[in-house]
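In: mind looking at a prediction? Sequence and model below.
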Amino acid sequence: MAEFTMPSLGADMDEGTLTEWLVRSGDHVHRGDPVAVVETAKSTIEVECFYTGIVTDLLVEPGTTVPVGTPLALIGSSERARPTRHAPKNDKPAEPAAPEHLREPSSSPLASVPAPVPSAAQLPAHTEAGPLARHLAERSGVDLGGLHGSGPGGRVTRADVEHAAAARPGTAPSRARATPFARRLATELGVDLATVTGTGRDSAIRSSDVRRAVPGPSPAPAAPAGPVAPSDTRPPEDRTAAMRQAIAGLMSRANRDIPHYYLSTTVDMAAASDWLREHNRRSPVGERLLPAALLLKAAALGAREVPDLNGFWTEDHFTAADGVHLGVAVSLRGGGLVAPTLHHADTLSLPQLMTALKDLVNRARTGRLRGSEVSGATITVTNLGDQGMESVFGVIHPPQVALVGFGRVVHRPWAVDGLLGVRPVVTATLSADHRATDGVVGARYLAAVTRLLQNPEHV
C-alpha cells in the first residue's frame, strides 16, 4: 500500500489546498498520471502520481488545506487489488490493507442482497464504500446497501452513488458531470457547463475543458450533489498579493542565507541576429525561432560546460545535478510570476526548445502546469528584455546556486577589429552563491555563454 501525499512544489511551499480530484476510488492509475489539482500561494497545479496501482481510498476532500507530506490517497498494487478468481465461497476478494482508522467493516456473502437500510448514516457492516462515496450517499439519500459496486471486490464507488441518485424516481435530469474545481472555475470565467464537452473519465468536465470554452456568459451552475471545494471569493488583487507574499518570503530567506555575488557582460549579438534571420527565412511559420530560444539554449549549454553552477546547495555542501533543467521565470497576466522547468534543456534542439517554451508559458498563464514542471530546476533564467530592461540581477531560488539574467537586445556603438560600428548587443548577468563557487567560475560560465551566442550554428 502506497500513500499519495501532498507534494512539495517549491522551496517556498509549506502547505497546499486540494481543489480537485481527477480520479475516484477504484480507478487504475499509472506513474505520471495527473490525479489531483493543488492550489498553492503562487499557482494552481496538476499533480502527478508517483505509483502505478488502484486508488483504494481518497482521504482528503476538495477544499481542504493540508501541510506538505499529508497523505491524500491510498494506492494499492494492481495485483493485490484485483479480485481472486478462485476465492473460497465464503471469502471476500483480497484487497490492499488500509490504516486501522480507515478500514471498512468486513463484507459477507450476503452483501449483494439489498438490505432495508433507512439512511446512509445507518449502513450495514457489509457495505464496502470509501468515505467520499458514503458522504455523497448520505447527501443524496441513496441507500448503499442496495447498490452493486463496480469497484475492486464489489466496492461501491462515487460513480455508483451518482448513477443511483440520478436514477431515483422523481429525480430531475442529471446536470453536467464536472469536477468540483471545474465548477468553481466555470463560475469565475462565466462558462455554461451545459455547453462544455468533458474529456475526463466517464466524460466528466475538467478544468482544462472549461478554459477551452472561454469566453461565454452563463447562468450560475446548479448546486453540486457531492463535496465541493469552497469558492475562493477573494478579488484577483488579493490573490496576487498572496502570491507576492509567498515570493517575498522565499526571496527574503534567500537574501539572508545565500551570500550572493554578481557578474555581468555585454555580448555582441550580430552573428546570432543574422543566423536567426536566415533560419526564420527558410523555415515554416510554425518552426520560426525567437531570440529567447537561443538565449535559453546558450544558458543551458553553458551550465553543462560549467557544472559547478548547475545543482543544489543542501546540508552545507554542493551537489551537482544529473541534467540541466532550466527554470524559466514567467510573468502571469494577473500579476506575480512562476518559474516552471524545461527539463534536459541542453539536449533539446532549438525548434524543440522553442515549442516547449511556448507550451510551458501558455500553460503557466492558464493555470495548467503539472507538479513535475514546477520542481527540479537546477538553474533559473530570467529575461526582462520584452519589458524594455537592459539588464537584470536576480535573487537565487534556493536550493539552486545560480540565476542567469538577460536584458533587451539593443543597438550600441561597438568596435570590431579596430573599426567602430553599430551592433546589436545584449547584457548577460549572473547571480551566484559564494558558498558553492567564486567569481572565477562565474566568469567562466559567462564566457561560455558569450562564445555560444557568437557561434549560433553550434548551439
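Out: That came through fine.
In: Thr19 contacts Ser43, doesn't it?
Out: No: counting by CB atoms under 8 Å, Ser43 is not a contact partner of Thr19; they are 11.6 Å apart. Backbone N, C-alpha and C define where each C-beta goes, glycine included.
In: look up how far Asp57 lies from the closest residue to Leu189 other than its chain neighbours.
Out: Take Leu189 and drop its neighbours on the chain: the residue closest to it by CB to CB, 6 or more residues apart in numbering is Val214, 5.1 Å away. Per CB to CB, to the nearest Å, Val214 is found 34 Å from Asp57.
In: could you list every residue that touches the closest residue to Trp275 other than its chain neighbours?
Out: Setting aside the residues directly before and after it, Trp275 is nearest to Pro456 in space (CB to CB, 6+ apart), at 4.1 Å. Under the criterion of CB atoms under 8 Å, 6 or more residues apart in numbering, the neighbours of Pro456 are 271-272, 275-276, 294.
In: just the buried positions in whichever strand or helix holds Pro351, please.
Out: For Pro351, the enclosing helix or strand under DSSP states H and E is helix 350-365. Burial within helix 350-365, assessed by neighbour count using 16 or more other CB atoms under 10 Å, is assigned to 350, 353-354, 356-357, 360, 363-365.
In: point out the other helices and strands that that helix packs with.
Out: In terms of contacts (3 or more CB pairs under 8 Å, 6 or more residues apart in numbering; DSSP states H and E), helix 350-365 is packed against helix 291-305, strand 326-328, strand 330-331, strand 341-342.
In: related to what we said a few turns ago, the more surrounded of Thr19 and Ser43?
Out: Set Thr19 next to Ser43 and count neighbours by other CB atoms under 10 Å: Thr19 wins out with 26 against 22.
In: is that one part of a helix or strand, or is it coil?
Out: Here Thr19 is recorded as strand under DSSP: H, G, I helix; E, B strand; the rest coil.
In: equivalent analysis for Ala377, please.
Out: Assignment for Ala377 (three-state DSSP): coil.
In: ok, and the closest non-adjacent residue to it?
Out: Excluding the flanking residues, the one nearest Ala377 by CB to CB, 6+ apart is Gly327, at 3.1 Å.
In: wait, doesn't the one you found sit right on Pro340?
Out: Yes: here Gly327 reaches Pro340: they are 7.3 Å apart, a contact under CB under 8 Å.
In: for this structure, what helix or strand is lowest in average pLDDT?
Out: When the helices and strands of the chain are compared on mean pLDDT, DSSP states H and E, helix 78-81 comes out lowest with a mean of 54.
In: ok so, going back, which among the contacts of Pro456 end up buried?
Out: Buried among the contacts of Pro456 (16+ other CB under 10 Å): 272, 275-276, 294.
In: could you look up the SS state of Ser264?
Out: With three-state DSSP as the criterion, Ser264 reads strand.
In: Phe318 versus that one, what's the distance?
Out: Counting by CB to CB, the gap from Ser264 to Phe318 is 23 Å.
In: one more: Glu373?
Out: Glu373 is 24 Å from Phe318, by CB to CB.
In: neighbour count for these two, which is higher?
Out: More crowded of Glu373 and Phe318, by other CB under 10 Å: Glu373, with 22 against 17.
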